[in-house]
Every structure is written in structure tokens, then in C-alpha cells.
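Colleague: Pasting a predicted model and its sequence here:
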Amino acid sequence: MSRQILVPILMMNLIFRTRKVAFWSTSVTPSPRKTYFLLHSLRKLLSRIRLVEYGLHHNIVESLEQFKTSNGFGCILAHSMGLGKTLQIVSFTDVFLRHTSARSVLIIVPINTLQNWLAEYNSWLPEEGMAPPTTADGTPIWCRKFKVFLLNDAQKNLTQRSRVIQEWEKNGGVLLMGYELYRQLSLKKPKKPKKKKRDSDNREVVDIEEEDKNKELLEEIQKALVRPGPDLVICDEGHRIKNAHANISQALKNIRTKRRVVLTGYPLQNNLLEYWCMVDFVRPNYLGTRTEFSNMFERPIQNGQCVDSTPQDMKLMRYRSHVLHSLLEGFVQRRGHSVLANTLPDKEEHVLLCRLTNIQRTLYSSFMSELAASKAMANPLKAFAICCKIWNHPDVPL
């Protein structure tokens, strides 16, 4: 019986090489009974859905056998904040590592979200032995079969960082690290021998063994991260990949891994070249070179948005925008908060106007008087921040 898998619709491009997105795709070998794999924590939520009737419009069922015959592609998950991008990745990595031959997943995130990612994995997929077998109502708790490694400031030197990366490469699992640390490790070159103290004959003493050791460690790190790299690369806050000439963009594009996922809540910025840079990471050369993209899409679209644009310019702008959207709809999925409009309660905002206390009024007047008497031009943002502190509580600025 051929195995079947349930994954988000955009993730299909990472595993399967298909030209058209379909809601359902059956295996080559017919089977009277189909088995579906998904995150156990979501099973109760989907148990009430009649799969055949509703067709899982935002998901796809495909055969895992095609994973062996394709290097996969990349995709962009452009969902607004709060729509569950992190949960989708947690679910997908569990299925990806559990039911395929893949072993390693690299997740690159902003450094201030590292602990949040680790907490999400421990919440939805706790480590074996770290959680009770069942919940309070008797539901079995689904534990992960892989280990989640965290690379942050706790590893101070190259040796400690290399130890974590080598363990991840050897045993497999998920590695969480920040953008800047990845840039440093992937682009770092062996340093020249440092000058040490001079000996009795006034000769410079260089520790060759230490330099050779650091060089070997760096080569092993870059082998695991870049050449050939992991089986899957995921970039959170992917709109940071917006400058093709930036070091972080160059470092990420050096990865030989073809299966790449970019998570972003802001896919389309005002600058179309920034959009091209992000797309070029997940699908290299799909939109051509930077110059070709500029001639084909950026300039016609910008020319049609001017005040003095001619009807022909605006017509060409709409046409090129439609073509660009059609080219990207197969691997760029946009979802806004409108998908939750029917499930969320109405939002109510209550504005309360509060008078300043005597001490707040005194502080506020003194600060305004000082600004007026100052000869230098005040920074409005800095002044507003100080005023906010006075408005919130007089003890804050004191």
C-alpha cells in the first residue's frame, strides 16, 4: 500500500515536482484504503471534517514516493500575523522528518524569536520523556522523534558552536539559529595566524596547531550549513532577504539545499526589487536576472502608478501585474486576516480620556518649557517617547 501524507498546499513544492496545484492527487498504485499522516495535536480538530466532501481546499494529499525522485523547490508562506505560520512549520517538519528519508532541518529566525520557536516546538511536539503520556482527558500526547538544537549566544566560541552543529548533522533534527550568526559562520574565512609573544631570540611565536584546528572546525560547519547543507531550510521573517547585495542574502543563496520555505507577513513591499530578491531565494532565476525583472515588471508597473501616467501606461501596468501574480501563485500563498472574519467575534474599542494628575501636569509643563527654551532642534520621536512615559506614570521618567 502506498503511503499518503497530508501537508499544507504550499509545502507540496518542497517534496513533489508538479506543475499544477491540485486539491487531491492519488498515488500510482491504487489502494482500497488510504492512510494519512498529520500532526497528532491537529487530529482532533480535523476529525470532524468530512475529507471527501470538503476536499481540504488549503491542503493537499500526495504520495511520498515522489520525494525520492525530486530535489524539490521553494515556496513563500505570506500569511498575516496570527494565522499560524509557526504551527504549520512545526507540523510540517514533524511529517517531513518522520515519513521521508530527510534527516536535518535548518530554521533561521531573528534572534529575538529563538526562544519562542523552541517553546512552540515543546508545546506542540514535546520531547520524548519530557511530557506525560496523556492529557487530563486521556488524549495521547504526540511526542517528536527528533531533537531540536538551539544555537545562540550561549555558545561563545567556534568550538562550542561546532559541537552543536556536528551533533545536529550526525543525529539529525531541527537546528534553530539567528540570521547574523548564520551569516558569520557561513561566510567566515580562516583567520591569518596571529602574532604571539617573541621568544628569547626575538622571533615571533605562532600557534599553528590552534589555527589548523579552527580551520578544520570552520570547514565542518560550512559543510553542514552550506555545502551540501540540510534537507530543508526555513527562513522566518523572510522579508529581511530584500537586498541582493547584502551579506545575509549572499550567505543564504550559497546554500545548495533546494527545499526552501520563506515565512513572511509582508510579502509585497513598495520596492518590487525587494520582492524579486525574496522570490529569487526560493526559486533561483525563476523571474530572470535583476535587470530582466526590472525591464519586464518593475519599470512598467511603476510607470503606470504616476500622476501623469498615460492610459497606455496604466493598461500595461495592470497587464504586467496580472502576469507577475499568475507566475507566482503556484508557490507564493497570501492569506490576510479576512480568513478569520467569520470566526472571530466583533472587535470593540473603548477609549477613556484621563486627566493628568498634578505631578504629571507639572512634569509635562516643565518638559515642554525646557524644549521651548532649548536652542537645538528637538527630536520629535524622542520627545514623544518621554511624553508617553509621563502620561503612563510619573515614576517612569524619574
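Modeller: The structure has been received and is ready for your questions.
Colleague: what residue ranges in the chain score low on pLDDT?
Modeller: Residue ranges of the chain with pLDDT under 70: 1-66, 190-208, 267-270, 375-378, 397-398.
Colleague: how about 50 then?
Modeller: Along the chain, the model assigns pLDDT under 50 to residues 1-9, 12-13, 15-32, 48-61.
Colleague: All the strands of it, residue numbers only.
Modeller: With DSSP state E as the definition, the chain shows strands at residue ranges 4-8, 59-63, 74-79, 104-109, 148-151, 173-178, 232-235, 260-264, 332-335.
Colleague: Need the winner for burial among these.
Modeller: strand 232-235 (a mean of 26; mean count of other CB atoms under 10 Å). The way it works is simple: take the backbone N, C-alpha and C, and place the C-beta from them, glycine included.
Colleague: So what touches that one?
Modeller: Contact partners of strand 232-235, identified using CB atoms under 8 Å, 6 or more residues apart in numbering, comprise 14, 89, 93, 96, 102, 104-109, 241, 252, 255, 257, 259-263, 281.
Colleague: if I read this right, Glu169 contacts Phe149, doesn't it?
Modeller: No. The criterion here is CB atoms under 8 Å, and Glu169 misses it with Phe149 at 9.9 Å.
Colleague: Can you get me the start-to-end distance on stretch 108-127?
Modeller: 21 Å (CA to CA, to the nearest Å).
Colleague: Let the chain start at 459 from now.
Modeller: All right, first residue 459 from here; so that's stretch 566-585.
Colleague: how far does that stretch sit from the chain's center?
Modeller: Centre-to-centre, stretch 566-585 and its host chain are 12 Å apart (CA atoms, centre = their mean, to the nearest Å).
Colleague: same deal with stretch 686-694?
Modeller: Stretch 686-694 sits 10 Å away from the centroid of its parent chain (CA atoms, centre = their mean).
Colleague: same check, this time on stretch 772-791
Modeller: Mean-position distance between stretch 772-791 and its chain equals 24 Å (CA atoms, centre = their mean).
Colleague: repeat for stretch 531-540
Modeller: Relative to the chain's own centre, stretch 531-540 is displaced by 8 Å; criterion: CA atoms, centre = their mean.
Colleague: Same question for stretch 621-631.
Modeller: Computed by CA atoms, centre = their mean, the chain-centroid distance of stretch 621-631 equals 21 Å.
Colleague: Likewise for stretch 840-856?
Modeller: Counting by CA atoms, centre = their mean, stretch 840-856 comes out at 35 Å from the chain centroid.
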